[in-house]
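Novice: the following comprises the amino acid sequence and a computationally predicted model.
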Amino acid sequence: KAGVTQTPRYLIKTRGQQVTLSCSPISGHRSVSWYQQTPGQGLQFLFEYFSETQRNKGNFPGRFSGRQFSNSRSEMNVSTLELGDSALYLCASSAGTPNQPQHFGDGTRLSIL
Amino acid sequence: QKEVEQDPGPLSVPEGAIVSLNCTYSNSAFQYFMWYRQYSRKGPELLMYTYSSGNKEDGRFTAQVDKSSKYISLFIRDSQPSDSATYLCAMRGTSYDKVIFGPGTSLSVIP
């Protein structure tokens, strides 16, 4: 069974630009969560989508947004990039039902110049 | 006070040692507890997933949850150099709550 796939693996952008990251969950998984990981803050929850609806949201500004498609694939968008947005962005999928844990992809490394 | 506390290490042990990794938490509503292992430049990999209090064993790994003390542990027996990684504890309340992660403990197993 294929795991969670995130594209691209690496991305370099400049301040003020916007970026879209993609996540394909494990087949059959309906929940997709996004996290930001930095050395100083660790893993911080951005949002979770389940069946195309946002089910949970973390404490990030509105520049961070996401969506989920009918095939459960998800995208995350960050607008007006800031230097502090440099991080590893991780996507995790799960069945979204009780007792089913999340499984992570290898992330997208975003660097802002 | 953070919701989940974890000693960041680094923790360095000789090959073959028993490793004990721990997390404490403040939210008594947490019911689901997880341990993830993360190698450099990779995403977290699920090691253990437990519900409520008790022990769970899987090969060289044992997870313990003590809800009365708000304390969870991961034990690694016969540690190997390939166990060198960052270990993240994680927990959630109901199955629809967001997952809260600890900051991670960096482990090095020396041959």
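Specialist: On my side now, so go ahead. Numbering: from 1, shown residues only, chains lettered A, B, ... in the order given.
Novice: helix, strand, or coil at the residue lying closest to B:Thr24 once chain neighbours are set aside?
Specialist: Sequence neighbours aside, B:Glu5 is the residue nearest to B:Thr24 in space, at 4.8 Å (criterion: C-beta to C-beta, 6 or more residues apart in numbering or on different chains). (Each C-beta comes from the backbone N, C-alpha and C, glycine too.) Assigned by DSSP: H, G, I helix; E, B strand; the rest coil, the conformation of B:Glu5 is strand.
Novice: contacting residues for B:Glu5?
Specialist: B:Glu5 makes contact with B:23-25, B:102-103 under the criterion C-beta atoms under 8 Å, 6 or more residues apart in numbering or on different chains.
Novice: between those residues, which sits nearest chain A?
Specialist: B:Pro103 (4.3 Å; C-beta to the nearest C-beta).
Novice: give me the phi and psi for that closest one.
Specialist: With angles defined as degrees, to the nearest 10, B:Pro103 sits at phi -70, psi -10.
Novice: name all residues that make contact with it.
Specialist: Contacts of B:Pro103 (C-beta under 8 Å, 6+ apart): A:42, B:2, B:4-6, B:8, B:88.
Novice: and it, what's its pLDDT?
Specialist: pLDDT, B:Pro103: 93.
Novice: excluding chain neighbours, what is closest to it?
Specialist: Nearest one to B:Pro103, counting by C-beta to C-beta, 6+ apart, is A:Gly42 at 4.3 Å.
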